[in-house]
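Student: Need a 3D model of the sequence below.
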Amino acid sequence: MKKIAWILTAVMTLLCQTTIKAQTLNVQKGTVTYQIPAGQVGDMTFNDGTTLTILDYVYKIDDISKVYIDNSEVSDNLVTVNYQGTSADVCMPGSLASLLSVTVTDGHVSIIQSASVKEEITYVLSGSSDNGSFYMDGELKASIVLNGLTLNNPVGAAINIRDGKRISVELADGTVNTLTDGVNGSQKACFAVNGHTEFKGSGTLNLTGNTAHAFWGDEYVELKKTVGTINVLGAVGDGFNVNQYFFMKGGTVNINKVGDDGIQVTATDDETDEDNGKLMINGGSLTIGVTATAAKALKADSLVSIYDGDIILKGTGGMEVVNNDPSYCAGVKTLDFYQKGGQLSITMTGTAARGITADVITVDGGTLDITNSGAGQSATSDSYTAKGLKADTNIALNGGTITIAMSGTGGKGIKSSGTYLQGMADGTGPALTVSTTGSSLSGSGSGSGGGWGGWGGHPGGHGEQSNSGSSAKAIKVQGKAVLYGGETTVTTKTNGAEGLESKTSIEIEGGKHYFQCYDDCINSSGNIYFNGGVTICYSTGNDAIDSNAGKKGAVTIGDGVAFAYTSKGSPEEGFDCDNNSYISITGKGTAISAGGSQGGGGGWGGSSSGNTISNASQGYAFVTSSISYAANRYYTLADASGNNLVTYSFPTSLSSTLGLFTANGMKSGSTYTIKYSTSEPTDAETAFHGLYLGSSAKGTTNVTSFTAK
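Tutor: Predicted coordinates for the structure are as follows:
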């Protein structure tokens with residue numbers, strides 16, 4: 001009776017003061033407080049002195065610990081949870097009392113929403129607990145506001161949302177929120193959402209997953225432009241493990257000390273969702289470091305796309321081979337990779353690590369930097385080497401600034417098991433720089449030569465190259481390679497390290513391309529076409545350009561420009577294609593080669609090579625007399641009237657005993673001279689790595705002369 005009496009007293013006080021100012025009736029059950037504005041109280045019914053009914057919700061008198069009146073404001077559909085060490089206080093509008101089932105056990109709060117909930121409810125979580133959690137389930141979307149929350153659950157997830165709907169997670173401005181879960185639990189993550197999660201708010205969220213992932217989402221995760229900072233401080237599994245898709249529009253995300261992948265996206269069974277399995281980055285700052293064996297910084301079943309943002313990915317984990325199936329540490333692993341903007345930096349150090357590995361890789365813009373020092377690893381049946389870009393089907397580098405540096409043994413800057421396309425039909429394209437400094441995986445030795453009879457790149461030749469192990473390569477392509485445009489700089493430093501290799505064919509249609517390689521700058525098992533653009537090839541240890549097609553058109557000079565030379569000396573050559581007669585001249589291009597010897601291009605043992613090109617579209621000459629070229633001199637090929645056809649120079653001294661000369665305007669039967677001066681041309685329309693086109697410069701000192709065929 002005493003409890004009923006003070007309840008009635010509180011109610012009567014509320015009714016008397018309502019006309020004076022707004023009042024709120026607070027009914028407290030343990031640590032849960034129900035707030036009813038005076039204007040909503042209406043009729044209250046006592047039943048047999050055991051229950052009190054307010055707003056259709058029945059309170060048991062024995063459960064009521066306190067009833068009081070204050071001036072607090074009540075917000076509809078707003079629930080607050082304040083953690084206080086070993087306990088938690090929950091405050092909610094009385095209008096939700098019949099719609100929410102609330103259980104508080106020490107610092108663990110569980111709220112189950114009724115299926116009758118029609119409007120979105122917002123839960124504001126604040127305070128601190130070393131032994132607490134928040135659990136919510138229901139059938140309607142909800143909002144979670146983290147307002148300075150520090151929560152550790154030693155036996156499960158810190159936050160576990162199970163309602164399967166859209167969950168808005170707001171990081172309150174100016175707050176730091178830290179969530180930690182327990183060790184050896186059954187939870188999927190420290191912060192788990194069975195639904196789709198949208199992060200916003202400029203605060204900070206720190207996550208540590210001690211059993212599995214730091215964050216797990218059963219459906220998509222979206223980071224709004226307004227989101228602040230999310231730090232994954234550690235996880236046994238992934239930093240973010242997400243089904244459906246992950247979409248980052250802004251904010252700052254830092255992921256470190258994870259036991260598996262940084263962000264992993266798994267496609268669901270919904271075949272109608274066009275974003276299914278995608279990991280999309282359109283803004284913000286993302287930094288991920290992975291250290292586990294075969295871990296991926298970004299991993300998606302369908303697509304990884306980058307339109308904007310600053311992304312830094314680092315991997316130090318090694319590789320593993322299970323049942324002859326290798327798995328590698330990678331910056332990005334996905335089905336398709338696409339970049340149009342932003343800045344992506346990838347640093348890999350693990351054995352045979354990959355920068356980006358996908359079926360299809362497409363770069364249309366932005367900045368892509370890959371530094372990979374991963375060493376190769378030999379196995380009984382195979383060899384495994386690091387890759388900068390690795391595609392199973394196709395690589396298309398259409399734009400942007402791309403820099404790839406490989407330093408591990410046998411490392412490949414770009415590797416496509418299908419085709420390789422670079423640039424656009426109009427000649428535009430990426431600024432591409434690829435360098436390799438690593439040695440062959442199995443060390444250097446005799447074999448895999450490049451000089452006799454055009455057998456460059458095949459075991460058993462005479463050149464000083466790598467043995468049958470895996471050599472470093474800048475660009476290695478199984479299918480066709482086509483360079484439409486852009487500006488390329490390729491450098492290699494060690495035995496067997498070629499610049500651009502295709503097992504099918506190579507076409508250069510436009511752009512400007514510079515190769516400085518120890519081994520062949522350009523090598524193909526099929527034809528090599530120079531149909532446009534300007535290509536400079538400088539080899540220090542083998543042929544500059546080597547085709548093993550073994551037929552007419554092995555090297556074809558169309559309307560492109562090719563300047564090919566080697567400083568290795570005889571028998572290495574500028575152009576090596578088994579037989580000089582296999583060279584075709586079909587357009588108005590320019591080709592100059594230097595190096596090698598008459599026998600070097602024609603057959604084994606110095607046998608004579610054909611020096612006649614059938615059906616050439618313009619004059620040409622094979623110059624077999626010895627020419628000594630010196631650095632810092634500018635050599636001009638001119639017609640009988642002294643008109644400059646092309647000027648070229650070398651970065652080092654070299655001797656040439658077989659050179660090809662052809663240029664637009666050359667005619668069969670006409671005489672041409674080569675003279676040098678020590679003054680660099682200043683009026684060239686094109687000046688590129690020692691080649692000067694469209695200049696009026698004239699040589700002053702005679703070198704040689706010849707009659708064109």
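Student: use CA for all of it now, contacts and neighbours both
Tutor: OK.
Student: in terms of contact, does S435 touch V490 like I think?
Tutor: Yes: judged on CA atoms under 8 Å, S435 makes contact with V490 at a distance of 5.7 Å.
Student: Settle it for me: which of these two has more neighbours?
Tutor: S435 (28 against 24; other CA atoms under 10 Å).
Student: How about the contacts made by the more buried one?
Tutor: S435 is in contact with 404-406, 413, 474, 490-492, counting by CA atoms under 8 Å, 6 or more residues apart in numbering.
Student: closest to G558 among these?
Tutor: V490 (22.7 Å; CA to CA).
Student: so what's that closest one bridging to?
Tutor: Note on V490: beta-bridge partners V434, F515, judged by DSSP bridges.
Student: returning to what we had before: any common contacting residues for S435 and V490?
Tutor: With CA under 8 Å, 6+ apart, S435 and V490 have common neighbours A474.
Student: State the distance from G574 to K188.
Tutor: G574 is 61 Å from K188, where distance means CA to CA, to the nearest Å.
Student: And the two? Which one has more around it.
Tutor: Higher neighbour count among G574 and K188: G574, with 32 against 21, using other CA under 10 Å.
Student: Off-centre distance for the helix or strand hosting T488?
Tutor: Taking DSSP states H and E as the criterion, T488 maps to strand 487-492. Here strand 487-492 shows a centroid-to-chain-centroid distance of 21 Å under the convention CA atoms, centre = their mean, to the nearest Å.
Student: Quick one: list the elements packing against it.
Tutor: Other elements packing on strand 487-492 under the criterion 3 or more CA pairs under 8 Å, 6 or more residues apart in numbering; DSSP states H and E are strand 431-436, strand 473-477, strand 498-502, strand 512-517.
Student: So for G30, which of those sits nearest?
Tutor: Counting by CA to CA, G30 lies closest to strand 431-436 out of the helices and strands packed on strand 487-492; the figure is 67.3 Å.
Student: what ranges of the stretch 501-650 of the chain fall below the confidence cut-off?
Tutor: Counting by pLDDT under 70, the stretch 501-650 of the chain has low-confidence residues at 597-609.
Student: swap the cut-off to 80 and go again
Tutor: Scanning the stretch 501-650 of the chain for pLDDT under 80 picks out 596-610.
Student: Report the helix or strand with the lowest average pLDDT across this structure.
Tutor: Among the helical and strand segments of the chain, the one scoring lowest on mean pLDDT, DSSP states H and E is helix 2-17, with a mean of 52.
Student: after it, next one along is what?
Tutor: Toward the C-terminus, helix 2-17 is succeeded by strand 24-29 as the next helix or strand (DSSP H and E).
Student: Can you give the contact residues for that next one?
Tutor: Residues from elsewhere that reach strand 24-29 (CA under 8 Å, 6+ apart): 11, 14, 33-38, 63-74.
Student: Now with 6 Å, please.
Tutor: 33-38, 63-71 (CA atoms under 6 Å, 6 or more residues apart in numbering).
Student: quick check: angle from whichever helix or strand comes after that strand to strand 24-29?
Tutor: Using DSSP H and E, the next helix or strand after strand 24-29 towards the C-terminus is strand 32-37. Angle between the axes of strand 32-37 and strand 24-29 is 160 degrees (criterion: axes from the mean of the first three to the mean of the last three CA atoms, to 10 degrees).
Student: Tell me the strands beside strand 32-37, with direction?
Tutor: Sheet pairing of strand 32-37 (DSSP bridges) gives strand 24-29 (antiparallel), strand 87-93 (parallel).
Student: rewinding a little: from the contacts of S435, which is closest to T103?
Tutor: Distances from T103 to the contacts of S435, taken by CA to CA, are shortest for I404, at 56.4 Å.
Student: Find the helix or strand that the closest one is a member of.
Tutor: Using DSSP H and E, the element containing I404 is strand 401-406.
Student: what packs against that strand?
Tutor: The contact analysis (3 or more CA pairs under 6 Å, 6 or more residues apart in numbering; DSSP states H and E) places strand 401-406 against strand 367-372, strand 431-436.
Student: Any chance of TSV for the ones you listed, columns mean pLDDT and distance to T540?
Tutor: Formatted as TSV, those follow (pLDDT from 0 to 100; distance: least, CA to CA, whole Å):
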stretch	mean pLDDT	distance to T540
strand 367-372	98	24
strand 431-436	98	14
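Student: Out of the ones you listed, the one nearest T357 is which?
Tutor: Nearest of the helices and strands packed on strand 401-406 (CA to CA): strand 367-372, 12.2 Å.
Student: Okay, now the sheet partners of the closest one, with direction.
Tutor: As assigned by DSSP bridges, strand 367-372 forms pairs with strand 343-348 (parallel), strand 401-406 (parallel).
Student: Could you export those as JSON lines, including distance to D543 and mean pLDDT?
Tutor: Formatted as JSON lines, these follow (distance: least, CA to CA, whole Å; pLDDT from 0 to 100):
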{"stretch": "strand 343-348", "distance to D543": "31", "mean pLDDT": "98"}
{"stretch": "strand 401-406", "distance to D543": "22", "mean pLDDT": "98"}
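Student: export stretch 112-130 as CSV, just CAs?
Tutor: Output in CSV follows, covering the C-alpha atoms of stretch 112-130 (Å, rounded to 0.1, in the frame of the first residue of the first chain):
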residue,chain,number,x,y,z
ILE,A,112,13.8,-6.6,-28.8
GLN,A,113,11.6,-4.5,-31.0
SER,A,114,8.0,-5.7,-31.6
ALA,A,115,6.9,-6.4,-35.1
SER,A,116,4.3,-3.6,-34.4
VAL,A,117,7.0,-0.9,-34.5
LYS,A,118,6.1,1.4,-37.3
GLU,A,119,8.6,4.3,-37.0
GLU,A,120,12.4,4.1,-36.8
ILE,A,121,13.8,4.2,-33.4
THR,A,122,17.2,5.8,-32.5
TYR,A,123,19.4,4.3,-29.8
VAL,A,124,22.0,6.6,-28.3
LEU,A,125,24.8,4.7,-26.5
SER,A,126,27.2,6.4,-24.2
GLY,A,127,29.3,5.8,-21.1
SER,A,128,31.8,3.0,-20.3
SER,A,129,31.8,-0.6,-19.2
ASP,A,130,34.4,-3.3,-19.0
